[in-house]
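S.K.: Dropping a prediction and its sequence here:
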Amino acid sequence: RVRGKSPIVQLIKARKASLQQRLASRRKRGAELPHAERVKLPRFVRVNLLKTTVEKTKKHFIKSLKLTYKPPNTNGTNVLSIRPGTFTMDPVLPHLFILPSGTNMHGDKQVDDGALVLQDRSSCITAIALSPPPNAICIDTCASPGNKTLHMASLMQGHGKITAFERDPTRLGTLQRRIVEQGADEFVSARGADFMKADLSKTGEFRDVTHILIDPSCSGSGLAATSQNGASMASEYDSGDVGINHSSEKVAQLAKAQLEIILYAMTLPNLQVVAYSTCSVYREENEDVVMGVLTKQNKFKCVRAIPNWPHRGLEGVPEFKKIAPLVCRATYEKDSTNGFFVARFERVSSVTGVNDDDDEVEAVSGEEKNNKMLKKQKKRKSEAAASNDEEKGGSGSKKKKRPKVHVKEPQELCKQYSKNGTCKRGSNCRFAHVFAHKVVAKDNVDELMAEWG
């Protein structure tokens with residue numbers, strides 16, 4: 001029985017018959033979820049580098065919260081352990097502090113000023129996977145409330161441009177307010193529009209965009225880790241037909257929309273990097289979407305996102321064998337955070353990765369890619385210098401071009417020099433100085449005949 005006169009109570013009473021009918025339907029097919037204790041996650045606090053530094057934040061926690069700093073956990077796993085009265089840094093994600101579960105940061109001056117951001121660990125993965133450098137031109141396709149948008153801004157250190165799309169007017173207001181609060185209003189602009197209707201042509205407004213973050217609507221099946229008693233997070237090996245909030249049909253619709261927005265974004269003429277993420281654990285919205293992207297286009301490849309993140313894609317699924325080492329997953333059991341997924345795509349012309357036609361997987365991070373390209377360039381230069389005049393024989397090998405030899409055309413003889421052995425014009429004469437009597441001498445015929453005989 002529900003008592004009271006609050007708006008939520010009135011809403012429940014108004015839909016009482018519908019709710020009872022759905023509950024009865026789920027009970028008939030045995031779909032009701034078992035009771036589970038509420039999962040308690042650590043308190044994650046991200047440093048906004050536009051307003052403060054890691055060291056200043058560390059001193060703030062020690063002085064204001066009376067916490068003791070401990071070095072990051074390096075025991076080889078991604079499971080976090082934090083004792084009461086202490087705090088540490090995330091061992092994988094930069095600029096992210098870990099505080100004990102239940103630490104009250106609301107009302108903290110640094111949080112209110114936008115210098116510190118209360119953001120879940122899983123939510124920080126996407127911007128790190130994208131890693132836009134300073135001066136990059138970026139888009140966040142589905143931005144509000146703005147955590148990922150402003151994480152990008154922090155990584156870019158205030159240099160570059162970010163356009164954050166949000167089509168809902170109420171959520172757009174929240175996004176605009178947070179952009180100002182976190183000191184990013186000079187280079188981050190909120191756009192009250194649908195990204196799918198934006199002009200992405202070669203002459204359009206966004207023709208110079210280089211990086212794009214795509215975190216679209218999803219089933220939210222990974223977020224149950226923070227729900228109240230009576231809910232538990234779905235297994236990452238579950239499929240959408242056992243969803244917590246959605247049916248398999250709804251998950252399929254979401255996956256279709258997710259694929260469409262990625263493919264549309266990839267039509268940007270100067271786009272180099274795409275980061276795609278969901279707060280879902282279902283393969284239909286994650287690995288299946290990545291496979292769909294690789295099947296339907298050949299301009300971008302999937303590459304290894306956040307190389308030092310240990311939890312990768314689904315194992316034991318034959319069709320995901322190539323992409324599983326490249327994508328990232330997160331779950332409470334393995335990563336002490338909510339369920340999450342992220343994939344990184346890079347333009348084919350500048351990266352080696354994997355698509356559906358590749359026979360091998362060669363996963364490289366941005367730094368590894370640059371080093372590899374430099375090594376190849378040095379190798380080619382050294383080989384060219386060492387064997388500039390040689391040609392390689394044998395089938396299948398390429399012959400190197402010999403340097404061109406410029407042959408001078410025969411020059412007309414100077415008649416005066418040929419006759420007398422001297423020329424008045426000397427070195428200024430335009431004819432060749434060859435003394436004819438010395439070239440064709442009559443008195444050596446006998447010697448030549450004897451030599452030939």
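M.R.: Everything's here; your move. Numbers count the residues shown, from 1 in each chain.
S.K.: least trustworthy helix or strand in this protein by mean pLDDT?
M.R.: Lowest on mean pLDDT, DSSP states H and E among the helices and strands of the chain sits helix 436-439, with a mean of 44.
S.K.: how about stretch 118-136: buried residues?
M.R.: Judged by neighbour count (16 or more other Cβ atoms under 10 Å), stretch 118-136 contains these buried residues: 119-132, 136. Just so you know, the C-beta spots here come from the backbone N, C-alpha and C atoms, and that holds for glycine as well.
S.K.: oh sorry, the question was meant for stretch 65-72
M.R.: Neighbour-count burial for stretch 65-72 [16+ other Cβ under 10 Å]: 65, 67.
S.K.: measure that stretch end to end?
M.R.: 19 Å (Cα to Cα, to the nearest Å).
S.K.: Quick one: residues in contact with that stretch.
M.R.: Residues outside stretch 65-72 that contact it (Cβ atoms under 8 Å, 6 or more residues apart in numbering) are 58, 61-62, 82-83, 85-91, 99, 103.
S.K.: quick check, nearest of the residues you listed to residue 280?
M.R.: residue 90 (22.4 Å; Cβ to Cβ).
S.K.: what's the residue nearest to that closest one when sequence neighbours are not counted sitting at in phi/psi?
M.R.: Using Cβ to Cβ, 6 or more residues apart in numbering and skipping residues adjacent in sequence, the residue nearest residue 90 is residue 96, 4.0 Å away. Backbone torsions for residue 96, taken as degrees, to the nearest 10, come to phi -120, psi 120.
S.K.: Residue 250 now?
M.R.: According to degrees, to the nearest 10, residue 250 has phi -70, psi -40.
S.K.: Tell me how far it lies from residue 219.
M.R.: 7 Å (Cβ to Cβ, to the nearest Å).
S.K.: Would you state the strands of the chain in chain order?
M.R.: 43-47, 68-69, 86-89, 96-99, 116-118, 136-140, 160-165, 188-191, 211-214, 273-278, 300-303, 328-330, 340-347 (DSSP state E).
S.K.: The first one pairs with which strands, parallel or anti?
M.R.: If you go by DSSP bridges, strand 43-47 pairs up with strand 96-99 (antiparallel), strand 116-118 (antiparallel).
S.K.: Make JSON lines out of those and add mean pLDDT and distance to residue 162.
M.R.: Listed next are the strands paired with strand 43-47 as JSON lines, based on pLDDT from 0 to 100; distance: least, Cβ to Cβ, whole Å:
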{"stretch": "strand 96-99", "mean pLDDT": "98", "distance to residue 162": "20"}
{"stretch": "strand 116-118", "mean pLDDT": "97", "distance to residue 162": "16"}
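S.K.: Let's have the ones you listed in TSV, adding distance to residue 262.
M.R.: Listed next are these as TSV, based on distance: least, Cβ to Cβ, whole Å:
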stretch	distance to residue 262
strand 96-99	26
strand 116-118	26
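S.K.: Residue 128 and residue 330, how far apart?
M.R.: Distance from residue 128 to residue 330, by Cβ to Cβ: 12 Å.
S.K.: Contacts only, for the residue nearest to residue 90.
M.R.: 44, 45, 46, 47, 89, 90, 119, 121, 124.
S.K.: Quantify the burial of residue 250 by counting its neighbouring residues.
M.R.: Burial of residue 250 is recorded as 13 neighbouring residues (other Cβ atoms under 10 Å).
S.K.: per-residue pLDDT, it?
M.R.: As predicted, residue 250 sits at a pLDDT of 92.
S.K.: Hmm, residue 277 and residue 129 touching each other?
M.R.: Yes: taking contacts as Cβ atoms under 8 Å, residue 129 lies within contact range of residue 277: 7.3 Å.
S.K.: Go through the contacts of stretch 65-72 and name the one nearest residue 73.
M.R.: Closest to residue 73, out of all of the contacts of stretch 65-72 and judged by Cβ to Cβ, is residue 91, at 5.5 Å.
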